[in-house]
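Q: build me a structure from this.
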Amino acid sequence: MKPENLPGLLIGVVVLIVLAVAASGTASDPDLWGHVRFGQDILAAHAVARHDPYSFTSDRPWVNHEWLAEVLMAAAYGTAGSAGLIALKWVLALSAFGILWRALRRAGVFQPVAAGLLLMAVVGTYGQMMTVRPQLFSMLLYTILLALLNAAGRGRWRLLLWMPVLFGFWANLHGGWIVGLGVLGLWSACALFAPRVGRVFRPGAVEVWSPGPSDPGSALWAAGSVALALAGTLVTPYGLELWRFLRDTVGLGRADIEDWQPLIRSPSHLIAWGLAASLVVMASRRRAGAAMPQLLLQLLPALALGLLALRVVRLEGFFALAAVILLAPRFAALGPERLPLSRTPTRVEMLGVGSMCLAGLVATGIAVGRSAGCVTLTNSALTTLWAPEAEAVTFLQRNALQGRLLNWFDYGEMAIWHLAPRLRVSYDGRRETVYSERVRAAHDRFYAGGDGARLAGLLKADYIWLPHRLPVIGLLERDGWVAIFRGSRSVVLAREAGPYTQPTPWTGPRCFPGP
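A: Sure thing, here's the model as predicted:
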């Protein structure tokens, strides 16, 4: 390595440290137990189930639009347990950020500025990257989509031929392809009027693009890309049925799910949103050499996602990636091409840079080592009073309870993992995929105490497992239900008392899948 390359090495180490710290803690999600179990079922049966075997209230055919992601998660878990799930997360995250870095450099963004933009993307997508969920696949495929659009906007229109392949995989992995399709549609509408651009090479083989005459063929490419993407989404086990399912179920109104809340209800997310919004503002002010259609091609999709992210927290990561990648040409040739230390450094400077790199690598190793092999259950999402507790699961296991379990929404897939087939759940995180609006609304009323204990009788439930602060618990006890387990966060009720074995406090590591 040449001494003048030390600044680049230092930048790389800083980026690596931030990535390691951001990804060092891998948290579980209430749906993780279900994702892995359903993937195991598909691998065992060599087929995607069309009817749900785990819930006694499911009343619609099962449209498992995340089946391929679940297969990959089950394969990772089967290979190396929780460490396999963590490795899968790392592969997806590093692949996404590697593609993002390449897109920035190919757009002509100098290395120091590209490093800053990459770190902003890490901050913006932290909420999506901290858990092992199918949306990780969406983050990767969305990054690929934006990189392709970025390149196509600079004249490489033939890359849009990858759209059916991209969306074919995406439609089998996660429902986030709808966001991708919306971005593609908006981008294509702007591309109909965008000018053609020509390629210019700067030192270091970095591509920068300058405006040229209008290109009538770009309109055909832009319109055709949407048709190709739509064709790709039909290559699923469901075909057109997937479209009908998403038409009936996708919306912004999911008041009982945290990451579907308005951004204003999650102040911690406002920082990441503000960073992405600042990029949009900066890009809009850098109009040098850009015609208005070309500027809209880069700005409009990011603006639309920014406004939608204010309504739904889950879209914040999509907004951050769009702001960084689509707007990359606006930051081409901005800032220094090289840092001052790119000259041959002195021995003292080399020693300082080397020490910082070594310390960074040690810190990175410690951060990664602490989380190796443990998808933790003690994250911010699962330490609330609404989260399942290990002692309750142990109680249900040790007493070998059987029958119908009327349960809280977030407990369903953990119960499926540990208690099926002896106990069948009444409700879980699959929501619209196996439950009708009638079933969902009945549970919401039950949790709030609106129907008293009526639902328990109608469903002929044998046991009930709920967070202990729900209003309906007092009504159930007045109706004759008996608390056979009381923990720090939840309560299990039965129709009558009995000689139940109470669990001891769980002292083991709080890692997936738990007791």
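
Q: ok, now how distant is L149 from P505?
A: 53 Å (CB to CB, to the nearest Å). Using the backbone N, CA and C atoms, a C-beta is placed for each residue, glycine as well.

Q: same check, this time on E241
A: Taking CB to CB, one finds E241 at 47 Å from P505.

Q: ok, these two, which is more surrounded?
A: Legend: neighbour count by other CB atoms under 10 Å for E241 and P505, higher for E241 (12 against 9).

Q: quick one: which helix or strand includes that one?
A: According to DSSP states H and E, E241 maps onto helix 240-249.

Q: hmm, who's touching that helix?
A: If you take CB atoms under 8 Å, 6 or more residues apart in numbering as the criterion, helix 240-249 is touched by V63, H65, A171, G175, I178, T233, L234, T236, Y238, E432, T433.

Q: pLDDT weak spots in the stretch 401-515 of the chain?
A: Counting by pLDDT under 70, the stretch 401-515 of the chain shows low-confidence ranges at 508-509.

Q: quick one, helices of it?
A: 412-419, 437-448, 454-458, 472-478 (DSSP state H, counting those that start in this stretch).

Q: out of those helices, deepest packed?
A: Most buried of the helices of the stretch 401-515 of the chain, by mean neighbour count (mean count of other CB atoms under 10 Å): helix 412-419, with a mean of 24.

Q: mind listing what L43 touches?
A: Contacts here follow CB under 8 Å, 6+ apart; on that basis L43 touches V71, A74, A75, G78.

Q: find the nearest non-adjacent residue to the first one, please.
A: Once flanking residues are discounted, V71 sits nearest to G39: 4.7 Å by CB to CB, 6 or more residues apart in numbering.

Q: surely that neighbour and L72 touch.
A: Yes: using CB atoms under 8 Å, G39 is in contact with L72, at 7.2 Å.

Q: tell me the buried residues in the host helix or strand of the residue nearest to V71?
A: Secondary structure assignment for G39, by DSSP H and E: helix 32-45. Across helix 32-45, burial judged by 16 or more other CB atoms under 10 Å covers L32, W33, G34, H35, V36, R37, F38, G39, Q40, D41, I42.

Q: got JSON lines for these, with pLDDT and distance to R314 too?
A: What follows is these, written out as JSON lines (pLDDT from 0 to 100; distance: CB to CB, whole Å):
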{"residue": "L32", "pLDDT": "92", "distance to R314": "17"}
{"residue": "W33", "pLDDT": "94", "distance to R314": "20"}
{"residue": "G34", "pLDDT": "95", "distance to R314": "18"}
{"residue": "H35", "pLDDT": "96", "distance to R314": "17"}
{"residue": "V36", "pLDDT": "96", "distance to R314": "21"}
{"residue": "R37", "pLDDT": "97", "distance to R314": "23"}
{"residue": "F38", "pLDDT": "97", "distance to R314": "21"}
{"residue": "G39", "pLDDT": "97", "distance to R314": "22"}
{"residue": "Q40", "pLDDT": "97", "distance to R314": "26"}
{"residue": "D41", "pLDDT": "97", "distance to R314": "26"}
{"residue": "I42", "pLDDT": "97", "distance to R314": "25"}
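
Q: tabulate these (JSON lines), appending distance to L192.
A: Compiled in JSON lines, the buried residues of helix 32-45 are given as follows (distance: CB to CB, whole Å):
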{"residue": "L32", "distance to L192": "43"}
{"residue": "W33", "distance to L192": "46"}
{"residue": "G34", "distance to L192": "43"}
{"residue": "H35", "distance to L192": "40"}
{"residue": "V36", "distance to L192": "44"}
{"residue": "R37", "distance to L192": "46"}
{"residue": "F38", "distance to L192": "42"}
{"residue": "G39", "distance to L192": "41"}
{"residue": "Q40", "distance to L192": "46"}
{"residue": "D41", "distance to L192": "45"}
{"residue": "I42", "distance to L192": "41"}
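
Q: out of the residues you listed, which comes closest to S138?
A: H35 (13.8 Å; CB to CB).

Q: domain-wise, how is the protein divided?
A: With domains defined by automatic domain parsing, the chain comprises 87-333, 390-494.
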